[in-house]
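Novice: pasting a predicted model and its sequence here:
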Amino acid sequence: MNEQAFQDLLEGLTTAVVWVRSNETIGYMNIAAGELFQTSTSRIVGTHWSSILPGLIDDLHKADEQKLTIHEYAVALPDCSKVRVSCTLSPYEVNFEHGWLMEIFNTERHHRIVEEDERWHQYEAGNLLVRTLAHEVKNPLAGILGATQLLQKRHSPDDKDQAFLDIIANEVSRLKNLVDRMLGPRQNANKEPHNIHELIRYVLQIIEGEKPDNIVIKIDYDPSIPEVNIDFEAMVQAILNLVKNAIQAMEKHGGMLTIKTRVERKFTLGTKTFPLVAVISIMDEGEGIPDEVFDSIFYPMVSSKKEGSGLGLPVAQNVLRQHGGLIVAESEPGQTVFNVYLPLDV
């Protein structure tokens, strides 16, 4: 094989490969590396290796004698996102020039799959408990409401006891609605093709009247996203819960609420890989979700807000699971993102 053939092989790899010259500048970077770092070869070759991997290692010469692998390194990308990688450094000579070969493996998807699987099992366990309790509560509530309605019929509208019976009936109805929310949306969803941007537009119309003046909404849509088969009403409730949470997180100090849509290719949800997945990202600039509750936010009755019911996120997650999708959260002070993943039919 000639030199061009080997070059073609390197360019065809899905593993990011970077060769660093003896003067510690980048001498070569394959296509996969350019995709990982969201840059082009022409812009990066000739720059110091730390321009793409700052703080990876304090001295490359530590890898002069043998391979050195660094795990759990976070790469900061130009779009302000981060991706976790493992990087293997090896001494490598090209055309009689000493240098180092960097093989960079994207471990973000593996981490996400493991975390999703763990959180989903936790959510299922908590949801099963709450659904069982809700079923047990619903039956006596129905009995109380029925008995109250019978008593209401036996009393005239002017009877002083009628006011108390009305209070009982109203409160029982309120508890019944709460239990229905705990049980989640109906299983047999009425799914039809819908444009997700119309869905978002509808949700934004709902919250327009309650949005504080100190919160600005930024829209960043990918117009190429095809229609998605969804239960429109259920999905409105799910997205509405997420948008309301974002607004409440910024009520004190204000900020920007960003709603972004994109398409991910060959994306894994649970144990299944989909050719195309629509992603709705809802980002706020609030204080973030406290670490002590972050891993439990999709549990029923868990909330970081003083007056929160802890039902909004579990109900939203349940809606997405019934659509074959998932909600994944990322949070740090000043930025919280809820990514909604919906498989696309292709």
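Specialist: Perfect, thanks for sending it.

Novice: convert the C-alpha atoms of the helix or strand encompassing R201 to PDB, please.
Specialist: Take DSSP states H and E as the rule and R201 turns out to sit in helix 196-207. The C-alpha trace of helix 196-207 is given here as PDB (Å, rounded to 0.1, in the frame of the first residue of the first chain):
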ATOM      1  CA  ILE A 196     -42.500  20.100  16.900                       C
ATOM      2  CA  HIS A 197     -42.100  23.900  16.300                       C
ATOM      3  CA  GLU A 198     -45.900  24.200  16.300                       C
ATOM      4  CA  LEU A 199     -45.900  22.300  19.600                       C
ATOM      5  CA  ILE A 200     -43.400  24.800  21.100                       C
ATOM      6  CA  ARG A 201     -45.200  27.800  19.700                       C
ATOM      7  CA  TYR A 202     -48.400  26.600  21.400                       C
ATOM      8  CA  VAL A 203     -46.700  26.100  24.700                       C
ATOM      9  CA  LEU A 204     -45.100  29.600  24.500                       C
ATOM     10  CA  GLN A 205     -48.600  31.000  23.800                       C
ATOM     11  CA  ILE A 206     -49.800  29.400  27.100                       C
ATOM     12  CA  ILE A 207     -47.100  30.900  29.200                       C
END
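
Novice: how far off centre is that helix?
Specialist: 19 Å (Cα atoms, centre = their mean, to the nearest Å).

Novice: mean confidence score for that helix?
Specialist: Helix 196-207 carries an average pLDDT of 93.

Novice: which strands and helices sit next to that helix?
Specialist: Under the contact criterion of 3 or more Cβ pairs under 8 Å, 6 or more residues apart in numbering; DSSP states H and E, helix 196-207 touches strand 228-230, helix 232-249, strand 255-269, strand 272-284. (Each C-beta comes from the backbone N, C-alpha and C, glycine too.)

Novice: give the buried residues for the worst-scoring helix or strand of the chain on mean pLDDT.
Specialist: In the chain, the helix or strand scored least confidently by mean pLDDT, DSSP states H and E is helix 3-12, which has a mean of 72. Neighbour counts over helix 3-12 (16 or more other Cβ atoms under 10 Å) mark L10 as buried.

Novice: any idea which of the helices and strands packed on helix 196-207 gets closest to L175?
Specialist: helix 232-249 (19.3 Å; Cβ to Cβ).

Novice: could you check the angle helix 3-12 makes with the helix or strand following the least confident helix or strand of the chain?
Specialist: Where DSSP H and E defines the elements, the next helix or strand beyond helix 3-12 is strand 16-21. Here strand 16-21 points in a direction 130 degrees away from that of helix 3-12 (axes from the mean of the first three to the mean of the last three Cα atoms, to 10 degrees).
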